[in-house]
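Student: compute the structure for the input listed below.
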Amino acid sequence: MPRFHAFSITAAASKGPRIGRFCKRLGFGTLSATRSLRYNPLMTLSRPEQDAADRQAMEWQAQLSSDRLSEAQRLAFENWLKQSPENAAAWRSVNDFWTGLDSLTLSDLYLDSAASPEKTPRLRSKPRFRQAGLALAASVLLLAGAVYPKFDGYLADYRATTGELRTIALEDGSTLLLNTASAMSVDYSPQQRLITLHGGEAFFTVAPDPARPFVVATEAGRVEALGTAFDVKETGGTTEVTVFEHAVKITTCDGEVKEKLAQGQHLQFRRDRINPTARIDLQHAGAWHRRRLVFQDRSLAEVVAELDRYRPGKILIIDAAIEKLPITGVFGIADTDVALASIEQSLPVKVRKLPGGLALLSAK
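Tutor: Here you go, the predicted model:
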């Protein structure tokens, strides 16, 4: 019999225009009250093929909700949807869940996920309701990891928590620097040295061993070292590679090959395609190795997305008018509150901090 994770969400969620109508009633941008929703069919754990489809569907849902969705991403989603009945079923489940949020009302808000709405006292006064809504918003955003889990990383050999950078020395003399919220496993054999990056980012410095290729496997394919130092980042089925020394060879899961990505070059690839190569500033790209982030004429939305990776909470822009404000600067990753304070001082941006590490950015 199939086994399910069944759980309820009783809190506030951020879903942009779909439930944005609640934001004005609560008085704080794009956050919304939600009722308890039973969420069950996505989490069938007895069939590996369905597990993979469920995970991919949740990742696609997040990408399709982005204002920066590209035409290539949209086409990739349509191709994925047609690949198998499992993909189609998983997408229906995800879409039905989020579509259900549209029917929510303020009376659906209650504090205890185990309590029924009839037995839970209503929050009548506007000040109390607003305070509860903000606190609940922080709570549900911290639970986002439970809604969108990365099952493969649970059994990883090495992990770095949010905000942590971890240096790991491997048995062959190679070293790697694991970036924030990342997980990887090591499988060395007489034939090859295989690293599986389950998610996140790592910088590899590879010891030479011609008899055993050094390979980094991701959800999208494989990166084989042809030299010394390179960076691999895996996010939602997209792998990014930056070469710092010598070169690497890239092979997608579908068999497309990039024979040589050279020093100072960067590209992204997915299971079915390799995007064009671009030159990259290695000082900027490698700044995170020194616990710094360097931005040159980047939008506020891009900067916030990067800072958010290092924050044990969530940073949200709730005012579209400020998303494209340009930023040039250097930020430390040890304390994202310092970076947010700098942004607030230098731009027409107001930062509101809430419990649980939630930070809301709006126009002043």
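
Student: tell me where the protein has helices.
Tutor: 21-26, 48-64, 71-83, 85-99, 126-142, 144-147, 282-285, 300-308, 336-346 (DSSP state H).

Student: how about the third one, which residues are buried there?
Tutor: What it means is helix 71-83. By 16 or more other CB atoms under 10 Å, the buried positions in helix 71-83 come out as 73, 76-77, 80. (C-beta placed from N, C-alpha, C; glycine too.)

Student: tabulate these (a markdown table), appending pLDDT.
Tutor: Formatted as a markdown table, the buried residues of helix 71-83 follow (pLDDT from 0 to 100):
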| residue | pLDDT |
| --- | --- |
| 73 | 75 |
| 76 | 82 |
| 77 | 86 |
| 80 | 84 |
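
Student: closest one of the residues you listed to residue 166?
Tutor: Nearest to residue 166 among these is residue 73, at 30.8 Å by CB to CB.

Student: any buried residues in the longest strand anywhere in the chain, and which?
Tutor: Taking DSSP state E as the criterion, the chain has its longest strand at strand 193-205. Under the neighbour-count criterion of 16+ other CB under 10 Å, strand 193-205 has 193-205 buried.

Student: could you dump the residues you listed to TSV with pLDDT and distance to residue 364?
Tutor: Shown next, in TSV, are those (pLDDT from 0 to 100; distance: CB to CB, whole Å):
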residue	pLDDT	distance to residue 364
193	97	52
194	97	51
195	96	46
196	96	45
197	95	40
198	93	40
199	92	36
200	94	34
201	97	33
202	97	38
203	98	38
204	98	43
205	97	44
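
Student: and which of the residues you listed is nearest residue 169?
Tutor: Using CB to CB, residue 205 comes nearest to residue 169 of the buried residues of strand 193-205, at 10.1 Å.

Student: got any ranges where the stretch 51-200 of the chain has weak pLDDT?
Tutor: The model of the stretch 51-200 of the chain has pLDDT under 70 over residues 51, 62-63, 65-70, 97-154.

Student: please, where are all the strands along the stretch 201-350 of the chain?
Tutor: For the stretch 201-350 of the chain, the strands defined by DSSP state E, counting those that start in this stretch cover 214-217, 221-225, 229-235, 238-245, 247-252, 257-262, 265-270, 273-274, 278-279, 292-299, 314-317, 326-332, 349-354.

Student: give the partner strands of the fifth one in its sheet and their orientations.
Tutor: The reference is to strand 247-252. Paired neighbours of strand 247-252 in the sheet (DSSP bridges): strand 221-225 (antiparallel), strand 257-262 (antiparallel).

Student: quick one, which of the strands of the stretch 201-350 of the chain gets closest to residue 161.
Tutor: Checking the strands of the stretch 201-350 of the chain against residue 161 by CB to CB gives strand 314-317 as the closest, at 15.6 Å.

Student: how close does residue 211 sit to residue 190?
Tutor: To residue 190, residue 211 is 8 Å away according to CB to CB, to the nearest Å.

Student: as JSON lines, the strands of the stretch 201-350 of the chain with distance to residue 178, mean neighbour count and mean pLDDT would be great.
Tutor: Formatted as JSON lines, these follow (distance: least, CB to CB, whole Å; neighbours: other CB atoms under 10 Å; pLDDT from 0 to 100):
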{"stretch": "strand 214-217", "distance to residue 178": "12", "mean neighbour count": "23", "mean pLDDT": "97"}
{"stretch": "strand 221-225", "distance to residue 178": "16", "mean neighbour count": "22", "mean pLDDT": "97"}
{"stretch": "strand 229-235", "distance to residue 178": "11", "mean neighbour count": "22", "mean pLDDT": "96"}
{"stretch": "strand 238-245", "distance to residue 178": "16", "mean neighbour count": "21", "mean pLDDT": "97"}
{"stretch": "strand 247-252", "distance to residue 178": "18", "mean neighbour count": "20", "mean pLDDT": "97"}
{"stretch": "strand 257-262", "distance to residue 178": "21", "mean neighbour count": "15", "mean pLDDT": "96"}
{"stretch": "strand 265-270", "distance to residue 178": "20", "mean neighbour count": "20", "mean pLDDT": "97"}
{"stretch": "strand 273-274", "distance to residue 178": "25", "mean neighbour count": "18", "mean pLDDT": "96"}
{"stretch": "strand 278-279", "distance to residue 178": "25", "mean neighbour count": "10", "mean pLDDT": "96"}
{"stretch": "strand 292-299", "distance to residue 178": "17", "mean neighbour count": "15", "mean pLDDT": "92"}
{"stretch": "strand 314-317", "distance to residue 178": "22", "mean neighbour count": "22", "mean pLDDT": "93"}
{"stretch": "strand 326-332", "distance to residue 178": "18", "mean neighbour count": "15", "mean pLDDT": "92"}
{"stretch": "strand 349-354", "distance to residue 178": "28", "mean neighbour count": "16", "mean pLDDT": "93"}
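
Student: and residue 183, how close does it get to residue 202?
Tutor: For residue 183 relative to residue 202 (CB to CB), the value is 10 Å.

Student: my read: residue 181 touches residue 160, true?
Tutor: Yes. Residue 181 is within contact range of residue 160, at 6.7 Å (criterion: CB atoms under 8 Å).

Student: packing partners for the longest strand of the chain?
Tutor: strand 175-178, strand 182-188, strand 214-217, strand 229-235 (3 or more CB pairs under 8 Å, 6 or more residues apart in numbering; DSSP states H and E).

Student: turn the ones you listed into CSV, including distance to residue 333.
Tutor: Formatted as CSV, the helices and strands packed on strand 193-205 follow (distance: least, CB to CB, whole Å):
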stretch, distance to residue 333
strand 175-178, 13
strand 182-188, 13
strand 214-217, 23
strand 229-235, 15
